[in-house]
Structure formats: C-alpha cells, structure tokens
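In: Output the structure for:
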Amino acid sequence: MNEIIMQQILAIRETGETNMFDLPVVTSIALRAGYTELVDYLEKNKGEYVHFILTGEAKTE
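Out: I've put the predicted structure just below:
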C-alpha cells in the first residue's frame, strides 16, 4: 500500500458515509471522488485492505 492509497482510504473514512468493511460502497465513494488508484487496489488487495482497517498497519511500498 502506498501513501496515496492510504490517504484515499483515510479520506473516505473521514466522510463517515459508510462502514469501511462495506467494500462495494467504499468502491463507489472512491469512484465518485476520482480515487482510481484505490479502486484498482481494492480489486487486487482486499485482505491487505481489511488488515489496514482492523489494525491501522499497512505494508508500504
């Protein structure tokens, strides 16, 4: 996970619009916000994303 993706996740979380485990809604918000990097990341790295949401720890690039 790079810094851009991490910041995009945190930006979505700060909106309070959805439960961050509701990946279809998170993806929808990301698309609306123009966070294409995050959309691509979520398609390929669901486990790593969930780990980040649960622990706040990310494997950084």
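
In: what's the nearest residue to Ala30 if we skip its chain neighbours?
Out: Distance criterion CB to CB, 6 or more residues apart in numbering; nearest residue to Ala30, sequence neighbours excluded, is Leu38 at 4.5 Å. (Glycine included, C-beta is placed from N, CA and C.)

In: In the chain, which helix is the longest?
Out: helix 3-15 (DSSP state H).

In: So what touches that helix?
Out: 18, 20, 26, 29-30, 33, 35, 37-38, 41, 49, 52-53, 58, 60 (CB atoms under 8 Å, 6 or more residues apart in numbering).

In: From those, list the buried ones, please.
Out: Buried subset of these (neighbour count, 16 or more other CB atoms under 10 Å): Met20, Val26, Ile29, Ala30, Tyr35, Leu38, Tyr41, Tyr49, Phe52, Ala58.

In: residue closest to the middle of the protein?
Out: Ile9 (3.7 Å; CA atoms, centre = their mean).

In: Cheers, nothing more for now.
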